[in-house]
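Novice: missing the sequence, but the structure's below:
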């Protein structure tokens, strides 16, 4: 019986220790190269100083033009907001979310600088919120009907939802339900008893197509919280 020779253990390779001097050398070389490039760039710019002047002039001109355009856009937006008008046919053709944006824009036109569209999932009955120049907070729910008067009438359930959230959750002073359609016959009595305000198709046409703010068209509004600069 022949004996097998013992298996040789693999030799461990000796790890070469990294020379810290090589790392330092690399850092010095990179630093020297960077400094050299900076010195070359500065020397070139000093020799061609007129390029710096020209770049400064172009930059100043571009900045001035940008500021001018920004001011012009702001002025145009102010003019557009003051002259904003909607025909009923335009409002009928909107998506329900666009209808909310249109109501927000009308409130902004009338002087509510903080008017915002807040409708969506979990809006708790508020589609538009705005503070008028008299300090009153408006909470508006929008009901859009694609077919206008031919669409389904807005009923008292929508009023009950709005009445239960507008003041309690949003702190509204003025609560409004606006539609480009119509309301059922039971809505006006309920609205009067709960101090809610209805904007139907006729009133919406007068508001959106004219220049009078909504608070001039509605009756029995709460008193102002503060005096208006326009009054």
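Specialist: That came through fine. As the structure is a computational prediction, the values presented were derived from the model and not from experiment.

Novice: domain assignment for this structure?
Specialist: In the assignment given by automatic domain parsing, the structural domains of the chain cover 23-81, 88-217.

Novice: winner for burial among those?
Specialist: When you average the neighbours per residue for each of these (mean count of other CB atoms under 10 Å), domain 88-217 leads with a mean of 18. No exception for glycine: its C-beta is placed from N, CA and C like everyone else's.

Novice: ends of that domain, what's the gap?
Specialist: Length of domain 88-217, first residue to last, CA to CA, to the nearest Å: 17 Å.

Novice: show me where pLDDT drops low in the protein?
Specialist: With pLDDT under 70 as the threshold, the chain has low-confidence stretches at 1-21, 68-82, 122, 228-231.

Novice: who wins for proximity to residue 227 among the domains of the chain?
Specialist: Checking the domains of the chain against residue 227 by CB to CB gives domain 88-217 as the closest, at 7.4 Å.

Novice: so how far is that closest one off the chain centroid?
Specialist: 20 Å (CA atoms, centre = their mean, to the nearest Å).

Novice: can you pull the contacts of the residue most central in space within the chain?
Specialist: Centroid check for the chain by CA atoms, centre = their mean gives residue 116 as the closest residue, at 8.1 Å. Contact partners of residue 116, counting by CB atoms under 8 Å, 6 or more residues apart in numbering, are 104, 128-130.

Novice: check residue 62 too.
Specialist: Shown here is residue 62, which makes no contacts under the criterion CB under 8 Å, 6+ apart.

Novice: quick check: the gap between it and residue 205.
Specialist: 46 Å (CB to CB, to the nearest Å).

Novice: next: residue 98.
Specialist: For residue 98, the distance to residue 205 equals 17 Å [CB to CB].

Novice: likewise for residue 131?
Specialist: Relative to residue 205, residue 131 is positioned 25 Å away (criterion: CB to CB).

Novice: surely residue 126 and residue 142 touch.
Specialist: No: contact between residue 126 and residue 142 fails when scored by CB atoms under 8 Å: they sit 9.8 Å apart.

Novice: quick check: neighbours shared by those two?
Specialist: Common contacts of residue 126 and residue 142, defined by CB under 8 Å, 6+ apart, comprise residue 119.

Novice: find the nearest non-adjacent residue to residue 110, please.
Specialist: Across the structure, with CB to CB, 6 or more residues apart in numbering as the measure, the residue nearest residue 110 apart from its sequence neighbours is residue 213 (3.5 Å).

Novice: which residues are in contact with that neighbour?
Specialist: Applying CB under 8 Å, 6+ apart to residue 213 gives the contacts 110-111, 132.

Novice: could I get those as CSV with distance to residue 200 and secondary structure?
Specialist: Conversion of these to CSV gives the following (distance: CB to CB, whole Å; DSSP: H, G, I helix; E, B strand; the rest coil):
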residue, distance to residue 200, secondary structure
110, 19, coil
111, 23, coil
132, 21, coil
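
Novice: elements contacting whichever strand or helix holds residue 107?
Specialist: Assigned by DSSP states H and E, residue 107 belongs to helix 96-109. Packing contacts for helix 96-109, counted by 3 or more CB pairs under 8 Å, 6 or more residues apart in numbering; DSSP states H and E, involve helix 49-82, strand 116-117, strand 128-131, strand 137-143, helix 201-209.
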